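Enquirer: Please find the sequence and the predicted model below.
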Amino acid sequence: MKMKTHKGTSKRFAKTGSGKIVRRKAGKRHILTSKRHDRKRRLSGSTVVDPTVTASLNRLLPYA
């Protein structure tokens with residue numbers, strides 16, 4: 001049977017060409033005035049998901 005993609009997961013995570021799963025960093029949504037510039041710069045961009053979570057994310061994103 002064809003599996004369904006978990007839509008909430010597909011909006012938050014993406015797969016790279018090599019098959020790694022990337023995510024955005026948490027903590028850069030609001031209350032930014034109290035955070036230092038270097039901290040906000042560190043929070044920008046994306047990072048690779050931890051390998052312990054990759055197996056469960058692959059189940060939620062079967063065709064990504």
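Expert: Now that the structure is in, tell me what you want to look at.
Enquirer: Name the residues that touch stretch 37-47?
Expert: 14, 22-28, 32 (CB atoms under 8 Å, 6 or more residues apart in numbering). No exception for glycine: its C-beta is placed from N, CA and C like everyone else's.
Enquirer: next one: stretch 56-64
Expert: Surrounding stretch 56-64, the residues in contact under the criterion CB under 8 Å, 6+ apart are 3, 5-6, 9-10, 13-15, 21, 49.
Enquirer: Now the two most distant members of those.
Expert: Spatial extent of the contacts of stretch 56-64 (CB to CB) is set by the pair Met3 and Val49 at 19.6 Å.
Enquirer: neighbour-wise, which of these two wins?
Expert: More neighbours surround Val49 than the other of Met3 and Val49, with 14 against 10 (other CB atoms under 10 Å).
Enquirer: What pLDDT is listed against the nearest residue to the more buried one once chain neighbours are set aside?
Expert: The shortest distance from Val49 to any non-neighbouring residue, by CB to CB, 6 or more residues apart in numbering, is to Ile21 (4.3 Å). With respect to pLDDT, Ile21 scores 98.
Enquirer: can you pull up the bridge partners for Ile21?
Expert: Lys15 (DSSP bridges).
Enquirer: What about the contacts of stretch 56-64, which one has the most neighbours?
Expert: In the contacts of stretch 56-64, the most neighbours by other CB under 10 Å go to Ile21, 21 neighbours.
Enquirer: and Gln8, that one's in a helix?
Expert: Gln isn't right for residue 8; it's Gly. Yes - checked against DSSP: H, G, I helix; E, B strand; the rest coil, Gly8 lies within a helix.
Enquirer: okay, now it: neighbour count?
Expert: 9.
Enquirer: do the same with His37
Expert: By other CB under 10 Å, neighbour count at His37 equals 8.
Enquirer: how near is it to Asp50?
Expert: Plainly put, His37 is 27 Å away from Asp50 if you go by CB to CB, to the nearest Å.
Enquirer: Same question for Arg36.
Expert: Counting by CB to CB - Arg36 and Asp50 are separated by 25 Å.
Enquirer: Pretty sure Ile21 sits against Phe13.
Expert: Yes - contact criterion CB atoms under 8 Å: Ile21 and Phe13 qualify, at 5.3 Å.
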